[in-house]
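> Using only what follows, build the 3D model:
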Amino acid sequence: MKILIVEDDFGSREYLLNLIQLEGYDVRAVVNGEEGLSEYKAFDPDIIISDIQMPIMDGLEMLKILRQDKSDTIFIITTAYGSEDYAIDALRLGANNYLKKPIKRKSLVGLINKYKLIVESHKLAKKAEGTLLKKNLTLEFNTDIQHIPNIISQLVSDMGVKLDDSEITNIELGLDELITNSVEHGNLGITFEEKVKASNDNTMLELYNDKMKDGKLARRKIRVKYKLRPKYCEWIIKDEGKGFDWKLIPNPTKGAQLMELNGRGIFITHFLFDEMEYLGKGNKVRVRKNIK
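Down below sits the predicted model:
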């Protein structure tokens, strides 16, 4: 997998470059958005990690040009304290995620490794031929975090509609966030505190395995209902957990500030779909992508 770093600060750029090289990825680094666009055409990266405020051309302008070109490259914005509003603007322009400076190794590596699975499944997804105007699909699967990339690949390949590559990428990332959330916090009942501790201790797999020893939790299912209509495609994801008070979640599209780990996936997903809402007791979520 190929990764491009766009960062004008020498120390930050070298830190990211060395860190990603140590993980074994093919990585290049440039110092501003103008060079980033040039390297993007030559390198064709799967992921771009870019600062926002840079001389000559900033990260927002580069992102805007890439998305106008229908680029499906995953775009991660890095933001310093005091520039949160710029990160919100980046998400509205089509950035897929953000990292706050100083960037922690575990946060960056975890995000890249997660996206690696999506990039690989994306390349295997088949493009729909012809024009399918209506489709209904229901998929039910067991609570197993390791199967999520394959489930995402199946859901995307079964859409039956032609969309821009950048829109397909957003759908993959959004479904991954929501289904992972349904498995972790819904069916397995992993709390925010448990996830933070396991993430810091690098023991997430052990936490999953401990939860799966509970037969009641292990038998829970995730159900995804998909609906295709001429003007939109829609997914309803339901888990068998106890739910949560979703009315307390601020709507990030209405001026909410960047969120940390707690609720981060929900926050990001608002920007990846045209519509998103939780239903009932909070164990069901509906997302919609409009077809233009």
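
> I'd say T269 and M276 touch.
Yes - counting by CB atoms under 8 Å, T269 touches M276, with 6.0 Å between them. (Each C-beta comes from the backbone N, C-alpha and C, glycine too.)

> what residues do the two have in common as contacts?
Common contacts of T269 and M276 (CB atoms under 8 Å, 6 or more residues apart in numbering): V287.

> How far does stretch 52-70 stretch from one end to the other?
20 Å (CA to CA, to the nearest Å).

> list the buried ones in that stretch?
Under the neighbour-count criterion of 16 or more other CB atoms under 10 Å, stretch 52-70 has I52, M54, M57, D58, G59, L60, E61, M62, L63, K64, L66, R67 buried.

> can you tell me which two in the residues you listed are farthest apart?
Greatest spacing in the buried residues of stretch 52-70, by CB to CB: M54 and R67 (17.7 Å).

> For the stretch 151-292 of the chain, which segments are assigned as helices?
For the stretch 151-292 of the chain, the helices defined by DSSP state H, counting those that start in this stretch cover 165-181, 192-201, 204-212, 215-218, 264-269.

> I'd like to know how many residues surround K104.
K104 has 12 neighbours, counted by other CB atoms under 10 Å.

> Over to it: give its phi and psi.
phi -80, psi 140 (degrees, to the nearest 10).

> Just the ones in helices from the buried residues of stretch 52-70, please.
Among those, the residues falling in helices (DSSP state H) are G59, L60, E61, M62, L63, K64, L66, R67.

> can you pull the contacts of the first one?
Which is G59. G59 neighbours (CB under 8 Å, 6+ apart): V6, G33, S50, D51, I52, Q53, I77, A90.

> Mind doing that once more with 7 Å?
V6, G33, S50, D51, I52, I77, A90 (CB atoms under 7 Å, 6 or more residues apart in numbering).
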